[in-house]
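> 3D model of this:
(one chain, ligands or ions: 1)
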Amino acid sequence: MRKRLLILAVLVALVILPACGGSGSKEALRIAILAPLSGDVATFGESTRDGVLLAIKERNAAGGVLGRQIETIVEDSQCNPEAAVSAANKVIDQDGVNYIIGEVCSSASIPLSEVVMAKGIFQISPTSTNPSVTVAEDGTTKSRVFRACFIDPFQGTVAAKFAREQVGVQTAAVLLDQGNDYVRGLAEFFKEAFEANGGEVVVWETYTAEDQDFSAILTKVKAANPDMLYLPDYYSTVNLIGAQAKEKGIEAIMMGGDGWDSPDLDTSAVEGGYFTNHYSVDDPRPEVQNFVKLYKEEYGAVPDALATLAYDAAIILMDAIEETGKDDPAAVAKTLEGMTFDLVSGSISYDAKHNPVKSAAILQVEDGKIIFVDSIAP
Ligand code: PHE
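Next up, the predicted model:
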């Protein structure tokens, strides 16, 4: 009799306990990372993946989220609208993912957000700065789409004011890829703020993503002789334009945005130039210095802004799921709206458009090195 009772007790334990929280036996919670791991801006994707994986590794070691381990699915979405949409469909339909961290590039994050909204899941972009990532065409906020970075109206204004007030720039030439949401948006926001602050845009020239030879538009820049050459594109294109401008003897001070942030930025092509960014490794705040140390130990490299924002985005997402208490993307989005965070890239809360309110850093390329110049609060 005793023996039978014992067997019964063991059976009950085997059947019931895992279902009500025996750790280790619970199914993993899946999070997808969509980032460009090949092509022109591959360093963006590598840093993003590494930042997210580091945050998840730490959280898994501390017991995971909702008592579940986190499993990551990484897809190369190539900074490209079509690739991002098919990667999203794959991770949602085949892998059953409810949460996406990505994309990096605004022009991929915008179409991705439409899939996310149609399929009822959750997205946080670490780094996409164009306003349309979180806001629909009719002006409403996309309920399950968030970001971890500031937006380009702020970034463009910070750059324009800095150029006018700190560098004393009076005239600027702006070159842009009009087919890229991020580049076009940042160019427009810069121009608007630069003119509002009394500056004059004397050259406004567009090119396409395929262009390699910029001599025709650089001839116009040379003739106009502006104080500043504003280049709001990604590092791969900036490397080309910067080198060709220097070859032509253009002496305008170059300036750009977060797209310059890469270990593959050709510092000689943009020597003396400034760019706005999300954070600086030289920031003495302990959050930054501890993270830089941790990242170096893990990967043997200094984290760029992409790695940092990816790490922060993963923390935002994991904390929001934990706080919500269940794996439910709509409920997680609702909870997140009211949360505040002390992150590596700064302390944040969300505004009504799901944008964090936070400072920008101004960096300069000096003697081939990137130095911290200033931090500007909204
Ligand atoms: N802000 C860029 C975009 O929206 C992406 C980016 C962020 C690139 C940070 C470099 C560094 O497309």
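> Is residue 251 part of a helix or strand, or is it coil?
For residue 251, the assignment made with DSSP: H, G, I helix; E, B strand; the rest coil gives coil.
> That one: neighbour count?
Using other Cβ atoms under 10 Å, residue 251 has 13 neighbouring residues. C-betas here are computed from N, CA, C, even on glycine.
> per-residue pLDDT, it?
Note for residue 251: predicted pLDDT of 97.
> try residue 14
For residue 14, the model assigns a pLDDT of 46.
> Could you do residue 3 as well?
50.
> residues touching residue 322, list them.
The contact partners of residue 322, by Cβ atoms under 8 Å, 6 or more residues apart in numbering, come to 65, 66.
> how much space is there between it and residue 294?
Counting by Cβ to Cβ, to the nearest Å, the gap from residue 322 to residue 294 is 21 Å.
> can you give me the helices for the stretch 201-350 of the chain?
215-224, 235-247, 286-299, 305-324, 329-337 (DSSP state H, counting those that start in this stretch).
> Need the ones you listed in JSON lines (columns: distance to the ligand and mean pLDDT).
Converted to JSON lines, the helices of the stretch 201-350 of the chain look like this (distance: least, Cβ to the nearest ligand atom, whole Å; pLDDT from 0 to 100):
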{"stretch": "helix 215-224", "distance to the ligand": "22", "mean pLDDT": "98"}
{"stretch": "helix 235-247", "distance to the ligand": "8", "mean pLDDT": "98"}
{"stretch": "helix 286-299", "distance to the ligand": "16", "mean pLDDT": "96"}
{"stretch": "helix 305-324", "distance to the ligand": "5", "mean pLDDT": "98"}
{"stretch": "helix 329-337", "distance to the ligand": "20", "mean pLDDT": "98"}
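> Give me whichever of those is most buried.
helix 305-324 (a mean of 25; mean count of other Cβ atoms under 10 Å).
> could you dump the helices of the stretch 201-350 of the chain to TSV with distance to residue 78?
Supplementary listing: these in TSV, determined by distance: least, Cβ to Cβ, whole Å:
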stretch	distance to residue 78
helix 215-224	26
helix 235-247	13
helix 286-299	22
helix 305-324	15
helix 329-337	25
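> Grab the nearest non-local neighbour of the closest residue to the ligand within the stretch 251-378 of the chain.
Proximity of the stretch 251-378 of the chain to the ligand (Cβ to the nearest ligand atom) peaks at residue 258, 3.7 Å away. Nearest non-adjacent residue to residue 258, counting by Cβ to Cβ, 6 or more residues apart in numbering: residue 277, 5.2 Å away.
> Flag the shaky bits of the stretch 151-300 of the chain, pLDDT-wise.
Applying pLDDT under 70 to the stretch 151-300 of the chain flags no residue at all.
> those helices in the stretch 1-150 of the chain, which residues are they?
Under DSSP H, counting those that start in this stretch, the stretch 1-150 of the chain gives helices at 2-16, 42-61, 81-93, 106-119.
> so can I have a markdown table of the ones you listed showing mean neighbour count and distance to residue 208?
A markdown table is the format used below for those (neighbours: other Cβ atoms under 10 Å; distance: least, Cβ to Cβ, whole Å):
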| stretch | mean neighbour count | distance to residue 208 |
| --- | --- | --- |
| helix 2-16 | 9 | 63 |
| helix 42-61 | 22 | 20 |
| helix 81-93 | 19 | 15 |
| helix 106-119 | 22 | 13 |
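> would you turn these into TSV with distance to the ligand?
Below are the helices of the stretch 1-150 of the chain laid out as TSV (distance: least, Cβ to the nearest ligand atom, whole Å):
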stretch	distance to the ligand
helix 2-16	48
helix 42-61	6
helix 81-93	12
helix 106-119	3
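> For the ones you listed, give me a markdown table that also has distance to residue 34.
Shown next, in a markdown table, are the helices of the stretch 1-150 of the chain (distance: least, Cβ to Cβ, whole Å):
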| stretch | distance to residue 34 |
| --- | --- |
| helix 2-16 | 38 |
| helix 42-61 | 9 |
| helix 81-93 | 5 |
| helix 106-119 | 7 |
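> I'd say residue 373 and residue 360 touch.
No - in this structure, residue 373 is not within contact of residue 360 by Cβ atoms under 8 Å, at 11.1 Å.
> neighbour-wise, which of those two wins?
Neighbour count, other Cβ under 10 Å: between residue 373 and residue 360, residue 360 has more, with 24 against 16.
> Apart from its chain neighbours, what residue comes closest to residue 90?
Closest to residue 90 by Cβ to Cβ, 6+ apart is residue 75, at 6.8 Å.
> so what's that neighbour up against?
32, 33, 34, 35, 87, 90, 91.
> from the residues you listed, which single one is nearest residue 234?
Among these, residue 35 lies closest to residue 234 (Cβ to Cβ), at 13.6 Å.
> Would you mind measuring from the closest one to the ligand?
10 Å (Cβ to the nearest ligand atom, to the nearest Å).
> Mind listing the residues bridging to that residue?
Here residue 35 sits in beta bridges with residue 76, as judged by DSSP bridges.
> is it true that it touches residue 105?
No - the criterion here is Cβ under 8 Å, and residue 35 misses it with residue 105 at 9.0 Å.
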